[in-house]
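In: Structural data only, the sequence is not supplied:
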């Protein structure tokens, strides 16, 4: 009886082990390929739940049903207008046909390697067919601040600052996606999206671009300085012209006042001179003294004739 129980127990354990090794669980995010000696033997299992396989003979290979990430390496690529740039890209994909995926690339590591070849190659082809402005812009919208700056510079053509975009970044990424999708479909992979993560100049070109930007800004600054100096010179000229006008008007007015005063003084002198002989003599005497004072000093020598007016008053003063 004990031997029979032991045998039944061993058989039960063996059956349990077989059941455990043959059963597997598929969740909502997985899909499974059943292989026998490395070759697929059934249709892919895509429904979640408990499933079974032959123990020890068949093997379940699990694949992810969710969206997967591809992150490309930054590559140096020339554009159509011979600009060398670094292009960094990324994409999203999923396993659409697990059986074909298993037969062509085996696993996700193999898929990543094939995607590197396909997407990097299509990216190079697309970048080489377009100019740089098409890769960095998606629309022909003009930034208002830069438009004002360009318009302020009369020598700068707006079209040269903002060339018209025919394709744009968005259409180029769609072009790469459409070109790569048929090739990835043969691998059981569906490409969902493709984008440029970053586009940048190579170091040597960056330096030249920065130097050109600096020289351009210096040119604009110099233009503003020259315009400011022109305005300042115009203001200073206007100020000097107004000052000269005010001074000339003041001088003319002063001369008119002085002329009127001199005329009035002359009239008063004439009236005083013509009043009587004593007054005339006194006036002549005062004017002669003024003339002495302004004409010579105590260090001057005079040679006068005897009938001179100067000598007449000097002779009287000396008692001769």
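Out: Looks like it came in fine. The structure presented is a predicted model; accordingly, all values stated were derived computationally and were not measured.
In: Show me what residue 30 is bridged to.
Out: Note on residue 30: beta-bridge partners residue 64, judged by DSSP bridges.
In: wait, what's in contact with it?
Out: When contacts are counted by C-beta atoms under 8 Å, 6 or more residues apart in numbering, residue 30 is found next to 48, 62-65. Any C-beta I mention is one placed from the backbone N, CA and C, and that applies to glycine too.
In: Can you tell me what sits against stretch 38-57?
Out: The set of residues external to stretch 38-57 that reach it, using C-beta under 8 Å, 6+ apart, is 18, 21-28, 30-37, 58-60, 65, 97-99, 102-103.
In: Mark which of these are part of helices, please.
Out: Assignment to helices by DSSP state H places the following of the contacts of stretch 38-57 there: 18, 21-22, 98-99, 102-103.
In: Now that you've got the residues you listed, can you turn the buried subset into something I can paste into ChimeraX?
Out: Restricted to buried positions by 16 or more other C-beta atoms under 10 Å, the ChimeraX selection for these reads:
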select :22,98,99,102
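In: Widest-spaced pair of the ones in helices among the contacts of stretch 38-57?
Out: For the ones in helices among the contacts of stretch 38-57, the farthest-apart pair by C-beta to C-beta is 18 and 103; their separation is 29.1 Å.
In: Could you check how many residues crowd around residue 23?
Out: Around residue 23 there are 12 other residues, counting by other C-beta atoms under 10 Å.
In: Beta-bridge partners for it, please?
Out: Residue 23 has the following beta-bridge partners by DSSP bridges: residue 52.
In: and it, what does it touch?
Out: Residue 23 makes contact with 50-52 under the criterion C-beta under 8 Å, 6+ apart.
In: Mind doing that once more with 10 Å?
Out: 50-53, 55 (C-beta atoms under 10 Å, 6 or more residues apart in numbering).
In: Any chance of those residues in a markdown table with distance to residue 230, pLDDT and neighbour count as columns?
Out: Listed next are these as a markdown table, based on distance: C-beta to C-beta, whole Å; pLDDT from 0 to 100; neighbours: other C-beta atoms under 10 Å:
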| residue | distance to residue 230 | pLDDT | neighbour count |
| --- | --- | --- | --- |
| 50 | 88 | 89 | 8 |
| 51 | 87 | 90 | 16 |
| 52 | 92 | 88 | 13 |
| 53 | 90 | 89 | 20 |
| 55 | 95 | 83 | 13 |
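In: right, and out of these, which lies closest to residue 221?
Out: Proximity of the contacts of residue 23 to residue 221 was ranked by C-beta to C-beta; the top entry is residue 51 with 74.0 Å.
In: Show me where the stretch 1-150 of the chain has its helices.
Out: 2-22, 98-104, 108-128, 132-136, 144-152 (DSSP state H, counting those that start in this stretch).
In: what's the helix ranked longest in the chain packed up against?
Out: Once the chain is assigned using DSSP H, the helix that runs over the most residues is helix 203-273. Packing partners of helix 203-273 (3 or more C-beta pairs under 10 Å, 6 or more residues apart in numbering; DSSP states H and E): strand 84-95, helix 144-152, strand 189-201, helix 277-295.
In: Where among the ones you listed is average confidence lowest?
Out: Taking each of the helices and strands packed on helix 203-273 in turn, the one with the lowest mean pLDDT is helix 144-152, at a mean of 50.
In: If we go by neighbour counts, what in stretch 120-127 is buried?
Out: Buried residues in stretch 120-127, counted by 16+ other C-beta under 10 Å: 120, 122-124, 126-127.
In: likewise stretch 101-108?
Out: Buried residues in stretch 101-108, counting neighbours by 16+ other C-beta under 10 Å, are found at 101-102, 105.
In: can I get those residues in JSON lines with distance to residue 269 and pLDDT?
Out: Shown next, in JSON lines, are those (distance: C-beta to C-beta, whole Å; pLDDT from 0 to 100):
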{"residue": "101", "distance to residue 269": "128", "pLDDT": "95"}
{"residue": "102", "distance to residue 269": "133", "pLDDT": "94"}
{"residue": "105", "distance to residue 269": "127", "pLDDT": "94"}
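In: Can you pull the poorly scored residue ranges out of the stretch 101-250 of the chain?
Out: Applying pLDDT under 70 to the stretch 101-250 of the chain flags the ranges 142-162.
In: how about 50 then?
Out: 147-148, 150-152, 155 (pLDDT under 50).
In: hang on, the earlier thing: tell me the one of the buried residues of stretch 101-108 nearest residue 305?
Out: Within the buried residues of stretch 101-108, distances to residue 305 taken as C-beta to C-beta reach their minimum at residue 105, with 138.1 Å.
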